[in-house]
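Colleague: predicted structure and sequence below. I'll ask about it afterward.
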Amino acid sequence: MFELDLTLSSLNDYPHLQTLASLGALALLAVIVNWLTQHVLLRIVRRALSLSLKDRAETVFREVIARLANVAPAIVIYQGVLVVPNLPTEAETVVRNVAAAFMILTVILALTGALNLANELYSRRPEARQRPIKGYIQVGKIILYAAAAILVVATLLDRSPLLLISGLGAMAAVLLLVFKDTILSLVASVQLTSNDMIRVGDWIEMPQLNANGDVVDLALHTVKVQNFDKTITAIPTWRLINESFVNWRGMQESGGRRIMRALLLDQTTIRFLSPEEREALRRFALLDIYLDGKARELETWNESLVRSGRDPVNTRRLTNVGTFRAYMEAYLKVHPGVAKEKTLMVRQLAPTPEGLPIEVYCFANTVEWNAYEAIQSDLFDHFLSILPEFDLRLFQAPTGRDMRAVAEGMRAAPEA
């Protein structure tokens, strides 16, 4: 005890040494408090509150708790520096201001972590895909960071935050210019979300930005689209409001995907069918109803012409292209891959220099890409193969083989 009193009395003779010793003791106390907070008190809090959290949410929650734990040693330093002997007032003010600024920054970082935790928990809800809140979370972070910057600077300068805020009025134009994209993106994000124009998982197409794929992320400034070639396109959020894009969600929700493709027929092969050819086509079971109905209709019409003494040229006859079109429609109606409850038709479009278009317009009963392409290919494989039965040909531009055959025929002609 005597030795301790001797030591304390000797420290009184050296005020600077006494100040350093007190600062060391204060730093040691701060470390002890931090250790106790991290390993004892907060561990109990983690176990009590993280029982229902899993995976990523638990990780974010631990980060929030760890940041809050740093407030305890800062409080010790903020209050303990007042009892350090022989410490100049200026140094005391600086230490307290730095500790206060550190506490403000730590609390703000913890609040941003809490926003991340809220977003993580919300993303597990069923409605999160339809109405994501990531954009709002980012706006909240920007507000918190701005508030932290003002408070930290005001604390370090030992001035009222109101003075700094009043000075921001002169910087309003500069801030609007700096945060122009953020403001535009915020307005666009609100419109996209409130009008349910886009969701995570939607297939969107925006050719002007080379975007054609699934939306994988909706953020404040950008919307990320994973294209079908696995590349990522980042679209500024405000451009989805200012420019047009295609959202295929309606197709996916309907359960069917449209098939709209035309066969270009060689118009020189289109002609009337003779009675013998018409009867020969009855071997196609799909044409029974069509041929029977047409036979009655044409018979009634032609008999009326005969009774009125009209020229036989006015009689109506079946055509090979009309019969083929009826066959295509009947085939679509019985195909298992075609949706029967949706629009289904085979129509003839205006003739073109490339041939007469016969267009199929129907819907596959699936939206899965591979299955859809298989159904569409199966349909047109059959239509292309069955064309010769109706004495029809597809239009095709001359190829090198055709030119070679013509040239060989011209060389053989003089010899003949």
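Modeller: That came through, no problem. Computed from a prediction, not measured in an experiment: that's the story for all the values here.

Colleague: so where do the strands sit in the stretch 151-300 of the chain?
Modeller: In the stretch 151-300 of the chain, the segments counted as strands under DSSP state E, counting those that start in this stretch are 203-206, 211-218, 222-227, 232-236, 246-247, 257-265.

Colleague: quick one: strands adjacent to the shortest one?
Modeller: Translated: strand 246-247. strand 203-206 (antiparallel) (DSSP bridges).

Colleague: quick one, helices of the stretch 101-250 of the chain?
Modeller: 134-157, 161-167, 172-178, 180-194, 239-242, 249-254 (DSSP state H, counting those that start in this stretch).

Colleague: and what of the stretch 251-400 of the chain?
Modeller: Counting by DSSP H, counting those that start in this stretch, the helices of the stretch 251-400 of the chain are 275-280, 288-307, 320-334, 369-386, 400-415.

Colleague: show me how far stretch 133-150 is from its chain's centre.
Modeller: 24 Å (C-alpha atoms, centre = their mean, to the nearest Å).

Colleague: so where's the stretch 301-416 of the chain uncertain?
Modeller: Residues of the stretch 301-416 of the chain that meet the criterion pLDDT under 70 lie in 305-314, 413-416.

Colleague: returning to that earlier point: out of the strands of the stretch 151-300 of the chain, nearest to Arg125?
Modeller: Closest to Arg125 of the strands of the stretch 151-300 of the chain is strand 211-218 (C-beta to C-beta; 14.9 Å). Quick note: C-beta positions are derived from backbone N, CA and C, even for glycine.

Colleague: packing partners of that closest one?
Modeller: helix 134-157, strand 203-206, strand 222-227, strand 232-236 (3 or more C-beta pairs under 8 Å, 6 or more residues apart in numbering; DSSP states H and E).

Colleague: what's the closest residue to Ile289 other than its chain neighbours in contact with, if anything?
Modeller: Spatial nearest neighbour of Ile289, excluding adjacent residues (C-beta to C-beta, 6 or more residues apart in numbering): Ala330 at 7.6 Å. Going by C-beta atoms under 8 Å, 6 or more residues apart in numbering, Ala330 touches 286-287, 289-290.

Colleague: any of those buried? List them.
Modeller: Buried subset of these (neighbour count, 16 or more other C-beta atoms under 10 Å): 287, 290.

Colleague: output the contacts of Ala330 as CSV; include the columns pLDDT and distance to Leu298.
Modeller: What follows is those, written out as CSV (pLDDT from 0 to 100; distance: C-beta to C-beta, whole Å):
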residue, pLDDT, distance to Leu298
Leu286, 91, 19
Leu287, 91, 15
Ile289, 89, 15
Tyr290, 89, 12
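
Colleague: closest to Pro236 among the contacts of Ala330?
Modeller: Nearest member of the contacts of Ala330 to Pro236, counting by C-beta to C-beta, is Leu286, at 53.0 Å.

Colleague: got the contact list for that closest one?
Modeller: 327, 330-331, 334.
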